[in-house]
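Asker: Please work out how this folds:
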Amino acid sequence: MTKHKDNCFFWGIAAALSFSSFLVGVEPVVNGSRAVAEWSVLVNMQADNNLVDACEINIQDMEYAFKIGSVDGRVNMLVQIDKPRDKNTWRYKITKGGRIDAGTLIGHEMGYDPVADVVESVQWMKNNFPANHYMLVLSNHGGGVRRLVDMESLLFGEPFKGIFYDDSQSSYLTIPMVGQAISQCKAILGKNLDCLGCDACLMQMAEVCYEVKDCVDFSVASQEVESFYGWPYSKFLIPLLSAPTTSASVLAQSIVQNYDKYYKPIPSEKYYTLSAVRENCMADLKNNIDQVVAAVNVCKKFNATATKSMVKAARASSLKFYDTDFIDLASFYLALYGGAKSIDDFDLRKPTTSPKPRPSSKPKPKPGSTSVVVLSDYQKSLNSLKTLLSVGIQKINTAVSFNVTGSANSRAKGISIYFPTKNPFNGYSQLAFAKQGLWLKFIQDYK
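Answerer: Prediction:
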């Protein structure tokens, strides 16, 4: 079922002529001579798949924003797009009059090296459209870190995971490759990306955020699958054009809140989610996750059966998404806290050996003395676990700066995590989050 490159010369000419009909001019590309804008926003669209029509609608939505918005040159809106059966890498700048060519690479097709496709697009942005702030949006199908047997699995010959899928080349970015690309982008810019957006499904995960934590200030993405048409770009571009000095935090908030305003009135769109994550909080959150895992391991030493039942029950009652191996981290923490809290004191103190004979008469308390509750080691470990879970909820709330959901996903708090009911797929061990923490061993133990 794999699609192959189409070498028809006439199709390439026809596609170029057809698509160029949208252009209203050509942007001269002169390195190093541009005025510095406040924002350069680049949407890198991998549309060599069934999303090409949706991407075209997105570009038209950007054009609409610039047509009616206040355009003074302080916001550069840029697009790089790959299209089916087309050998060019199209590059545009959106202007008051529409899209103009801004350095299209004729005969250079995306997909052969998806890391380079991302890195070179940021180099193009930096060289030709310098700004005080930079945002990169990856627009495509997304799969987070999931393992799911579906059409994409059959097409690409392995579990569908990652982003930036190119049907012609059967290529995509794994999450470690995303990390590599964004690290190189940071080197080009000489600083962190102010915002990294994923206009794609299922990408707002602890594992994905952790992979780019040292190279990005804010990540904007969805825990759940997105609508076919993705982000409503004009809804946040018009406010940005009116206030070009907007900070990264405010822009991330605007993207999230306007996504909510757009989809909330649509009755069928009750599962949507979108959140903005402060990447400088991810190391601290990951440390808390490791501490929670370590605390569960201590509980397990005192009562393995009860602890395993508690963890499995918490996982079962957590909020799950389209891929049910993805659960909302906060909902898991809350469920695990409830499980630890609900274990009965009688069960905690129930002796594991034959009890001592009961004294014939109850000893009288000494005058002025108070009764003392003696906690079992297991209950002490559960109390320690509950403390760490409470701290963890606070850390999630701090990391997630803005979060919106449809009515069906109201329990979603902005960050998902991978917790399968079977063995994790082999590629999961290659993630920085798995390599540097305790979560991989935890999900192996409690599958």
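Asker: same for the helix or strand harbouring Thr305, what does it pack against?
Answerer: Element membership for Thr305 (DSSP states H and E) is helix 304-317. When contacts are defined as 3 or more C-beta pairs under 8 Å, 6 or more residues apart in numbering; DSSP states H and E, helix 304-317 sits against helix 282-302, helix 329-342. Every residue, glycine included, has its C-beta placed from N, CA and C.
Asker: Can you say which of those is packed in most?
Answerer: helix 329-342 (a mean of 20; mean count of other C-beta atoms under 10 Å).
Asker: That one - contacts with which helices or strands?
Answerer: So helix 329-342, by 3+ C-beta pairs under 8 Å, 6+ apart, packs with helix 282-302, helix 304-317, helix 377-399, strand 416-418.
Asker: quick one: which of the ones you listed is nearest Gly103?
Answerer: Closest to Gly103 of these, according to C-beta to C-beta: helix 282-302, at 34.0 Å.
Asker: Quick one: mean pLDDT over the closest one.
Answerer: Mean per-residue pLDDT for helix 282-302: 97.
Asker: Now find how far off-centre that helix is within its chain.
Answerer: 22 Å (C-alpha atoms, centre = their mean, to the nearest Å).
Asker: which regions of the protein lie under the pLDDT threshold?
Answerer: Across the chain, the ranges flagged by pLDDT under 70 are 1-33, 146-160, 344-374.
Asker: my guess is Ile94 is in a strand, correct?
Answerer: Yes - if the criterion is DSSP: H, G, I helix; E, B strand; the rest coil, then Ile94 is within a strand.
Asker: hang on, it packs against Gly69?
Answerer: No - with contact defined as C-beta atoms under 8 Å, Ile94 does not reach Gly69; the gap is 10.3 Å.
Asker: could the helices and strands packed on helix 329-342 be laid out in CSV, adding distance to Ser331?
Answerer: Shown next, in CSV, are these (distance: least, C-beta to C-beta, whole Å):
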stretch, distance to Ser331
helix 282-302, 14
helix 304-317, 8
helix 377-399, 10
strand 416-418, 10
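Asker: wait, which of the ones you listed is closest to Tyr259?
Answerer: Closest of the helices and strands packed on helix 329-342 to Tyr259 is strand 416-418, at 16.9 Å (criterion: C-beta to C-beta).
Asker: and stretch 381-393, how far out from the chain's middle?
Answerer: 25 Å.
Asker: Mind listing what's buried along that stretch?
Answerer: Neighbour counts over stretch 381-393 (16 or more other C-beta atoms under 10 Å) mark Ser381, Leu382, Ser384, Leu385, Lys386, Leu388, Leu389, Gly392, Ile393 as buried.
Asker: Report how many residues lie close to Ala306.
Answerer: Neighbour count of Ala306, defined by other C-beta atoms under 10 Å: 18.
Asker: what's the answer for the one 3 residues further on, then?
Answerer: Per other C-beta under 10 Å, the neighbour tally for Ser309 reads 13.
Asker: Asp445 now?
Answerer: 13.
Asker: that older thread, now tabulate the helices and strands packed on helix 304-317 in a markdown table and tack on distance to Tyr172.
Answerer: A markdown table is the format used below for the helices and strands packed on helix 304-317 (distance: least, C-beta to C-beta, whole Å):
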| stretch | distance to Tyr172 |
| --- | --- |
| helix 282-302 | 23 |
| helix 329-342 | 25 |
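Asker: Any idea which of those helices gets closest to Leu440?
Answerer: When the helices and strands packed on helix 304-317 are compared (using C-beta to C-beta), the closest one is helix 282-302, at 9.8 Å.
Asker: isn't Asp86 right up against Glu109?
Answerer: Yes - counting by C-beta under 8 Å, Asp86 does reach Glu109; the two are 7.4 Å apart.
Asker: Pick out whichever of those two has more residues nearby.
Answerer: In this view Asp86 and Glu109 are compared by other C-beta under 10 Å, and Asp86 has more residues nearby, 23 against 19.
Asker: sorry, back to before: right, and the helices and strands packed on helix 304-317 - which one's nearest Arg74?
Answerer: Comparison of the helices and strands packed on helix 304-317 against Arg74 by C-beta to C-beta identifies helix 282-302 as nearest, at 30.6 Å.
Asker: helices or strands up against that closest one?
Answerer: Using 3+ C-beta pairs under 8 Å, 6+ apart: helix 282-302 touches helix 206-211, helix 304-317, helix 329-342, helix 377-399, helix 439-445.
Asker: Let me have the ones you listed in CSV, extended by distance to Ala102.
Answerer: Putting these into CSV (distance: least, C-beta to C-beta, whole Å) gives the following:
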stretch, distance to Ala102
helix 206-211, 29
helix 304-317, 48
helix 329-342, 40
helix 377-399, 36
helix 439-445, 43
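Asker: right, so of these, which gets closest to Leu173?
Answerer: Checking the helices and strands packed on helix 282-302 against Leu173 by C-beta to C-beta gives helix 206-211 as the closest, at 10.8 Å.
Asker: Report the buried residues of the closest one.
Answerer: Ala206, Glu207, Val208, Cys209, Tyr210, Glu211.
Asker: out of the residues you listed, who's nearest Ala276?
Answerer: With C-beta to C-beta as the yardstick, the closest approach to Ala276 among the buried residues of helix 206-211 comes from Cys209, at 10.7 Å.
Asker: mind listing what that closest one touches?
Answerer: Contact partners of Cys209, counting by C-beta atoms under 8 Å, 6 or more residues apart in numbering, are Ser219, Val277, Glu279, Met282, Ala399, Ile415.
Asker: The second one and Phe218 touch, don't they?
Answerer: Think Val277. Yes - taking C-beta under 8 Å as the definition, Val277 is a contact partner of Phe218 at 6.8 Å.
Asker: who's more crowded, Ile94 and Gly69?
Answerer: Counted by other C-beta under 10 Å, Ile94 and Gly69 do not tie: Ile94 has more neighbours, with 28 against 18.
Asker: re earlier: including distance to Ala434, could the contacts of Cys209 go into TSV?
Answerer: Formatted as TSV, these follow (distance: C-beta to C-beta, whole Å):
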residue	distance to Ala434
Ser219	19
Val277	19
Glu279	18
Met282	14
Ala399	19
Ile415	16
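Asker: quick one: which of the residues you listed has the most company?
Answerer: Among the contacts of Cys209, the one with the most neighbours (other C-beta under 10 Å) is Val277, at 31 neighbours.
Asker: Can you tell me what sits against stretch 219-228?
Answerer: 51, 54, 142, 195-205, 208-209, 212, 252, 255-256, 263, 269, 271-277, 279, 321-322, 326, 328, 409, 412, 414-416.
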